[in-house]
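Undergrad: sequence and predicted structure are below.
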Amino acid sequence: MKTVAEVAREFRVSPQTIYRKLNPVKQGLTMKKGGITYITDDGMTYLKDNGLTEFNNVKPLEQTENEIVLVLLEQNKVLHEALEKERAHSREIAERLAQITENQQKLLGIEQVKTVSPTLIGEREEKNRGFFGIFRRNKGG
């Protein structure tokens, strides 16, 4: 005879599922000793015949959990490495963007100097002409 918890582990279900399956036909399928419910051989046969399958050939739950933990740790390591690569790539892109922005600001400054310079040069020439200089013809045209 096995306890409800042991049978639940074998069938990979909760103890509540075992109780629900046995509840309608409980007579003779379970036995209670010292507050612990045991399932008889007839109870085991009833459970197998009514849709529950044993997982005796499956590894114990503790071993399976350890394997899952190891797989998850390995996945975590791989994801962490990928994240580090992405962070490095993001830093590289940010540095390039800062450099492009700096170059763009320099070019904008040069363009502003080119735009402002001819007007300043023109104003200086007019100032150098004096009063009678405005009546003179331009040398180029």
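TA: Structure's in. What do you need?
Undergrad: what's the domain layout of the protein?
TA: For the chain, automatic domain parsing gives the domain ranges 2-58, 60-129.
Undergrad: centre of the chain versus the last one, how much separation?
TA: Taking Cα atoms, centre = their mean, to the nearest Å, one finds the center of domain 60-129 at 22 Å from the center of the full chain.
Undergrad: quick one: mean pLDDT for the biggest helix by length in the chain?
TA: What stands out as the longest helix in the chain, according to DSSP state H, is helix 61-133. For helix 61-133, mean pLDDT is 83.
Undergrad: please state the offset of it from the chain centre?
TA: Centre to centre, stretch against its chain (Cα atoms, centre = their mean), the figure for helix 61-133 is 26 Å.
Undergrad: now Tyr38: which helix or strand?
TA: For Tyr38, the element it lies in under DSSP states H and E is strand 36-39.
Undergrad: give me the buried positions along that strand.
TA: Residues Thr37, Tyr38, Ile39 are the ones in strand 36-39 that count as buried (16 or more other Cβ atoms under 10 Å). C-beta coordinates here come from the backbone N, C-alpha and C atoms, glycine included.
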